[in-house]
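J.: Pasting a predicted model and its sequence here:
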Amino acid sequence: MKVIKFGGSSLASSHQLEKVLAIVRADARRKYVVVSAPGKRFSGDTKVTDLLIQYARQTIHRQDTTTTAQTIIERYAEIGHGFNVADEQLEPIFKTIRDLPKQAYADNTYLMAAFKAHGERLNAQLVAAVFQQSGLNARYLDPRDAGMVVTDVPDDAQIIASSYPQIERWANSDQILVIPGFFAYNRNGQICTFSRGGSDITGAIIARGVHAERYENFTDVDAIYAVNPSLVPQPAAIPEMTFREMRELSYAGFSVFHDEALIPAIQGDITVNVKNTNHPEAPGTLIKSSREPNLNAPVTGIASSSSFCALYLRKYLLNKEVGLGRKILTILETHHISYEHMPSGIDDLTIIFDEHQLTPELEQTLVQEISAAIHPDEIHFNHDYSILMLVGENMRNRVGIMSRAAGALAAQNIKLIMVNQGASEISIMFGIHDQDADRAVVALYNEFFK
Ligand SMILES: Nc1ncnc2c1ncn2[C@@H]1O[C@H](COP(=O)(O)OP(=O)(O)O)[C@@H](O)[C@H]1O
Ligand SMILES: N[C@@H](CC(=O)OP(=O)(O)O)C(=O)O
């Protein structure tokens, strides 16, 4: 049995859904079909999830929602009409969209979650109807009935482990089950979504729950490439990589597969196959627990992300001060802030954060509270901060990777603000200025892949 997830690009139009139907038909093991909301049909188009966010905001601010609701309805109408789905079947979908503002929500965060989730929910209902009409033995399965219960965080929920025995009840299904991605319900029955791109997470949860032989993740590229294809034309494809490599690369910007989706895949030891809906015969990329070493290819992938900022602090004799780290970490904990990395010198320390956690006010508070607690000689936030990652299981067994990487960056006059090699030695991380990030990725790609 396989779990098969289709991203928004694979479901953006009735033309794309034809391809999805053919892929499901081509392999009888594809019994669990997880779907995203309709995505972009062309560059510059708007994903249904983004339209729903706009619809929710307009509702919250009591603005006119007519045009937005109608634009969303038209996305589903185009898909349904493309398969001659009867109006009686489409009308409940349209009505649900129109009625979203009339439902009761505990507060605006739950309202936002419920609006967003309907992109997937209604699409799964529509896809199930299209499958049935096309002669497949298929039905819609809601995350509640599937047994998925998540933590009570409306826009960043996590699966609760006791869900898995419930999901297991759906193993060995004879029917094709069409399951919406991206959301489930908390213990009070309220809708909570995963973070953006989270339909990948639903697919991995279902795959672990039903002990799938494989999790096929269909998107719009032939493979995961060694670098983001928007930076290098036709980059080298990665035929296979380990979960750890994917984790490091998705952390630093390989948006093609959600990093949180790796957790259930690792726990269930389920091989993930990223494939192309527009070219299903291409083998794609396998992500699995281990792979054969290839000493001729030490680097698997290169990524960069600018969503970081750094708090720099300097204090003479910082290395001798007992309890300094505890004081700083206690302040972070009080404000519910996690840190990403904390490289240090003898008299200075940099704390790197995910920028999304901070606001200008919170930064000011942190600077004030840390200053009061440890009296640094210098303290300030730096927002011009990108993290560049060089990742590969085979780097561990090779000498000279760091020197080649640093040389290639120096040749492009790229300044390194921070260097950090993880204890596992499968990644090297560089802190660089935002404006250098794309050039740095290209420089490392040319060094290790050309
Ligand atoms: N290293 C990479 N390899 C392949 N695709 C990548 C990579 N880094 C970023 N991407 C982007 O990820 C996109 C696919 O992910 P996503 O937009 O989430 O698709 P979907 O709509 O299927 O969920 C690709 O179109 C590509 O632009
Ligand atoms: N539709 C949601 C969830 C998702 O996973 O979408 P996609 O598969 O298109 O990345 C989003 O846009 O965040």
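T.: Cool, got the structure. Ligands and ions are numbered 1, 2, ... in the order given.
J.: What pLDDT does the model give Tyr316?
T.: In the prediction, the pLDDT value recorded for Tyr316 is 93.
J.: which non-adjacent residue is nearest it?
T.: Residue nearest to Tyr316 in three dimensions, not counting chain neighbours: Asp347, with 5.5 Å by Cβ to Cβ, 6 or more residues apart in numbering. Where C-beta positions appear, they are placed from N, C-alpha and C, glycine not excepted.
J.: what's the answer for Met402, then?
T.: Leaving aside its sequence neighbours, Met402 sits nearest to Ile428 (Cβ to Cβ, 6+ apart; 6.2 Å).
J.: Count residues in the vicinity of that neighbour, would you?
T.: The local packing of Ile428 (other Cβ atoms under 10 Å) involves 22 other residues.
J.: now do the one 4 residues further on
T.: Residues within reach of Ile432, counting by other Cβ under 10 Å, total 22.
J.: Could you tell me which residues make contact with the closest residue to ligand 1 within the stretch 1-150 of the chain?
T.: Distances between the stretch 1-150 of the chain and ligand 1 by Cβ to the nearest ligand atom are smallest at Gly7, namely 2.0 Å. Gly7 makes contact with Ser36, Gly39, Ser199, Asp200, Asn217, Phe218, Thr219, Asp220, according to Cβ atoms under 8 Å, 6 or more residues apart in numbering.
J.: at 10 Å what do you get?
T.: The contact partners of Gly7, by Cβ atoms under 10 Å, 6 or more residues apart in numbering, come to 34-37, 39, 181, 197, 199-200, 203, 217-220, 256-257, 274, 277.
J.: Also near ligand 2: which of those residues, exactly?
T.: Ser36, Ala37, Gly39, Gly181, Gly197, Ser199, Asp200 (Cβ under 6 Å from any ligand atom).
J.: Check the fifth one and give its pLDDT.
T.: Okay, so that is Gly197. 96.
J.: I figured it hits Phe257, correct?
T.: Yes. With contact defined as Cβ atoms under 10 Å, Gly197 counts as touching Phe257 (8.7 Å).
J.: ok, the two, which is more surrounded?
T.: It is Phe257, of Gly197 and Phe257, that has more neighbours when counted by other Cβ under 10 Å, with 25 against 21.
J.: Check for me that the more buried one belongs to a helix.
T.: No. Phe257: not assigned to a helix; according to DSSP: H, G, I helix; E, B strand; the rest coil it is coil.
J.: wait, it sits on Ser250?
T.: Yes. Between Phe257 and Ser250 there is a contact at 5.8 Å, judged by Cβ under 10 Å.
J.: Common neighbours of those two, please.
T.: Joint contacts of Phe257 and Ser250 (Cβ under 10 Å, 6+ apart) are Gly197, Asp200, Ile224, Ile287.
J.: now the residues you listed in TSV, with secondary structure and distance to ligand 1?
T.: Formatted as TSV, the shared contacts of Phe257 and Ser250 follow (DSSP: H, G, I helix; E, B strand; the rest coil; distance: Cβ to the nearest ligand atom, whole Å):
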residue	secondary structure	distance to ligand 1
Gly197	coil	5
Asp200	helix	7
Ile224	coil	4
Ile287	strand	12
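J.: out of the residues you listed, who's nearest Thr67?
T.: Gly197 (26.5 Å; Cβ to Cβ).
J.: Not counting sequence-adjacent ones, nearest residue to that closest one?
T.: Closest residue to Gly197 apart from its sequence neighbours, by Cβ to Cβ, 6+ apart: His258 at 4.8 Å.
J.: What separation do you get for that neighbour and Met402?
T.: To Met402, His258 is 29 Å away according to Cβ to Cβ, to the nearest Å.
J.: of these two, who's got more company?
T.: His258 (22 against 14).
J.: Kind regards, and thank you for your time.
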